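Novice: Requesting a structural model of the entry that follows:
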Amino acid sequence: METIQREDDILIENVAVDPRFQKRGYGKKMVAQAEQLAVQAGLDIVRLYTNSLFEVNLRLYASLDYEVEGTEERNGGLAIHMLKRVP
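Specialist: Okay, the predicted model is just below:
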């Protein structure tokens, strides 16, 4: 997982799990770690984006209470920007 701490949020730049180890909860744990980083930094927003074609990713993030913030044409596809407010 790659994150970037910005002025008002943590951006999850990349989450990747080797296909041999998928469906074991590692992706959820990495996202939870990013949320914890935000809390530790005194930030209350975590943002991420994914390609609209990656339906599994979209379902995962929605199940973790991420909401669609907007869309953007990127590299010939459509990026879905999502955010979550953390306590």
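Novice: Tell me, how many residues neighbour Leu37?
Specialist: 17 (other CB atoms under 10 Å). All C-beta spots, glycine's among them, are computed from the backbone N, C-alpha and C.
Novice: pretty sure it belongs to a helix, no?
Specialist: Yes. Inclusion of Leu37 in a helix is indicated when DSSP: H, G, I helix; E, B strand; the rest coil is applied.
Novice: give the contact list for it.
Specialist: Applying CB atoms under 8 Å, 6 or more residues apart in numbering, we find Leu37 in contact with Thr3, Gln5, Ile10.
Novice: Looking at per-residue confidence, what score does it get?
Specialist: The model reports Leu37 with a pLDDT of 97.
Novice: Look up how far Ile80 lies from it.
Specialist: Shown here: Leu37 relative to Ile80, a distance of 22 Å by CB to CB, to the nearest Å.
Novice: Also Ile4?
Specialist: Following CB to CB, the distance that separates Ile4 from Ile80 is 18 Å.
Novice: go on, Leu53?
Specialist: For Leu53, the distance to Ile80 - CB to CB - is 10 Å.
Novice: How about Lys23?
Specialist: From Lys23 to Ile80 the distance is 22 Å (CB to CB).
Novice: Over to Gly25?
Specialist: In terms of CB to CB, Gly25 sits 22 Å off from Ile80.
Novice: pLDDT value on the residue most central in space within the chain, please?
Specialist: Central residue of the chain (CA atoms, centre = their mean): Leu48, 3.8 Å from the mean position. On pLDDT, Leu48 comes in at 98.
Novice: For it, pull up the helix or strand it's in.
Specialist: strand 45-51 (DSSP states H and E).
Novice: Which positions within that strand qualify as buried?
Specialist: Across strand 45-51, burial judged by 16 or more other CB atoms under 10 Å covers Ile45, Val46, Arg47, Leu48, Tyr49, Thr50.
Novice: residue boundaries of the strands in the protein?
Specialist: For the chain, the strands defined by DSSP state E occupy 2-5, 10-14, 45-51, 67-74, 77-85.
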